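just the structure for this:
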Amino acid sequence: MRQFRADLHIHTVLSACADLGMSPEVIVRKAKEKNIDLIGITDHNSTLQCALVMEIALEEGLATLCGVEVTTREEVHCLAYFKDKETLKSFQQYLDVHLPAFNYLPEKFGYQVVVDRDEKIRQVIANYLNVGLNQGIDEVEQEVHRLGGLFVPAHIERPLFGIISQLGFIPEQLECDAYGIMKHSREADIRKRYSLAPGIPLIRASDAHSPEDIGSGYTVFEMHEPTFEEIKKALKSLEGRKTIVD
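You can find the predicted model right below:
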């Protein structure tokens, strides 16, 4: 069994709120500099930059968990991660169907671009991504799990866009694989504050929007290798695998 430092909430240039320096190559390089072994790519309501990050990371020996930060109809931010390109593509189709059309001023809110490995812009997304889908949190969770993905409400203690701030509680019927917490939060404090069930793991991550933030929050996964199946086992504390948030 080995320990892997994982930062599973990172935005690229595709997110309007992210620094335009967050190119795939820069993300991979910074993660390695910060001794991160596993990164999670989670742009707002889009997976379009994931494939290139995964490609570059593979070349550099850095494990990648690709996904997205979904904004639900209730404006709850939820992280979803998928096993392979096929399921990631299927979820992108779901996002395309359920994301409302919303034109915006990039000069004011930030640019949404897809870049290549040379950091050249290949696509500009005109429809604003950081808005709520026309799907509720329960519908999003069900679709993620239908595709075999992992569903994690993000930064649950955040006063805006967190599940508790938006709903006032965590629905009992919601099937969560973990709860995300902010980079400066302590597990014991969060569990006590919200009376969280001990069986559901917490994942601390950076929610990086700039290169300097990458690795500023992380979770240790104790498992054999940084694969999707091993990550699932670690989240469920199966067969000696586990997650550690100090």
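
show me where this structure has helices.
Taking DSSP state H to define them, one finds helices in the chain at 24-33, 50-59, 85-98, 106-109, 137-146, 163-167, 187-194, 228-235.

the chain: strands as residue ranges?
2-10, 38-41, 63-71, 77-81, 113-115, 121-124, 150-153, 179-181, 202-204, 219-223, 242-244 (DSSP state E).

closest one to P106 among those strands?
For these, proximity to P106 was assessed by C-beta to C-beta; strand 121-124 is nearest, at 8.0 Å. Just so you know, the C-beta spots here come from the backbone N, C-alpha and C atoms, and that holds for glycine as well.

in this protein, which helix or strand is least confident?
Using mean pLDDT, DSSP states H and E, helix 106-109 stands out as the lowest-scoring helix or strand of the chain, at a mean of 90.

before we move on, the earlier item: reformat the helices of the chain as a markdown table; add distance to G215 and mean neighbour count.
Below are these laid out as a markdown table (distance: least, C-beta to C-beta, whole Å; neighbours: other C-beta atoms under 10 Å):
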| stretch | distance to G215 | mean neighbour count |
| --- | --- | --- |
| helix 24-33 | 6 | 21 |
| helix 50-59 | 14 | 18 |
| helix 85-98 | 24 | 16 |
| helix 106-109 | 27 | 10 |
| helix 137-146 | 26 | 19 |
| helix 163-167 | 25 | 19 |
| helix 187-194 | 18 | 14 |
| helix 228-235 | 18 | 20 |
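
now render those helices as TSV, adding distance to D43.
Formatted as TSV, those follow (distance: least, C-beta to C-beta, whole Å):
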stretch	distance to D43
helix 24-33	11
helix 50-59	8
helix 85-98	11
helix 106-109	15
helix 137-146	16
helix 163-167	20
helix 187-194	25
helix 228-235	19
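
mean pLDDT lowest where, among those helices?
Looking at these, the lowest mean pLDDT belongs to helix 106-109 (a mean of 90).

what packs against that helix?
If contacts are counted by 3 or more C-beta pairs under 8 Å, 6 or more residues apart in numbering; DSSP states H and E, helix 106-109 sits against no helix or strand.

before we move on, back to that, and of the strands of the chain, who's closest to R29?
Evaluated over these, closeness to R29 peaks at strand 38-41, with 11.3 Å, by C-beta to C-beta.

fine by me, we can end here.
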